[in-house]
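Trainee: Sequence first, then the predicted structure, then my questions.
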Amino acid sequence: MPQHVQVTGIDEFQSVIDEHKDKEAYVLFCGGKDESGKSWCPDCVAAEPVIDKAVSKLPDDAVFIYCSVGDKPFWKNKDNAFRTNSTLKLTGVPTLIKWGTAKRLVEEDCQKSDLVDMLFEED
């Protein structure tokens, strides 16, 4: 089972990705969750069970990072760091990335188990 790490915000994300730079890393960026644990982002809510199921297929030495991008007003600001960071350049949530590669799934594609499996299995 891969290691799971949950972070909030770009600073925590950068710290964790630096800490795991020698590992195969996968990152899921999603909308923040409320007190009940539900995200404001309907695509994130729909994608989570699909991705959670596929994560079990990752190698034991991999790391899976769940990163909350914050609340809806913060995410909608076009100048937020997740959108403007030269490495991330996020355009939507959820976004699933195989870190260190150009492989990513955005929004509705994260709900498609065949695409998620492909991203996790490809070398």
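Mentor: The structure has been received and is ready for your questions.
Trainee: all strands of this protein, in order?
Mentor: 3-8, 25-30, 63-68, 95-98, 104-106 (DSSP state E).
Trainee: can you redo those as JSON lines with distance to residue 113?
Mentor: Where C-beta positions appear, they are placed from N, C-alpha and C, glycine not excepted. Shown next, in JSON lines, are those (distance: least, C-beta to C-beta, whole Å):
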{"stretch": "strand 3-8", "distance to residue 113": "19"}
{"stretch": "strand 25-30", "distance to residue 113": "14"}
{"stretch": "strand 63-68", "distance to residue 113": "16"}
{"stretch": "strand 95-98", "distance to residue 113": "12"}
{"stretch": "strand 104-106", "distance to residue 113": "11"}
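Trainee: okay, those strands in JSON lines with mean pLDDT and distance to residue 17 next?
Mentor: Shown next, in JSON lines, are the strands of the chain (pLDDT from 0 to 100; distance: least, C-beta to C-beta, whole Å):
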{"stretch": "strand 3-8", "mean pLDDT": "96", "distance to residue 17": "9"}
{"stretch": "strand 25-30", "mean pLDDT": "97", "distance to residue 17": "7"}
{"stretch": "strand 63-68", "mean pLDDT": "97", "distance to residue 17": "7"}
{"stretch": "strand 95-98", "mean pLDDT": "97", "distance to residue 17": "10"}
{"stretch": "strand 104-106", "mean pLDDT": "97", "distance to residue 17": "15"}
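Trainee: how about those in JSON lines, adding mean neighbour count and distance to residue 48?
Mentor: Shown next, in JSON lines, are the strands of the chain (neighbours: other C-beta atoms under 10 Å; distance: least, C-beta to C-beta, whole Å):
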{"stretch": "strand 3-8", "mean neighbour count": "14", "distance to residue 48": "12"}
{"stretch": "strand 25-30", "mean neighbour count": "23", "distance to residue 48": "7"}
{"stretch": "strand 63-68", "mean neighbour count": "22", "distance to residue 48": "9"}
{"stretch": "strand 95-98", "mean neighbour count": "22", "distance to residue 48": "11"}
{"stretch": "strand 104-106", "mean neighbour count": "19", "distance to residue 48": "13"}
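Trainee: Any idea which of these gets closest to residue 120?
Mentor: Closest approach to residue 120 among the strands of the chain is made by strand 25-30 (6.9 Å; C-beta to C-beta).
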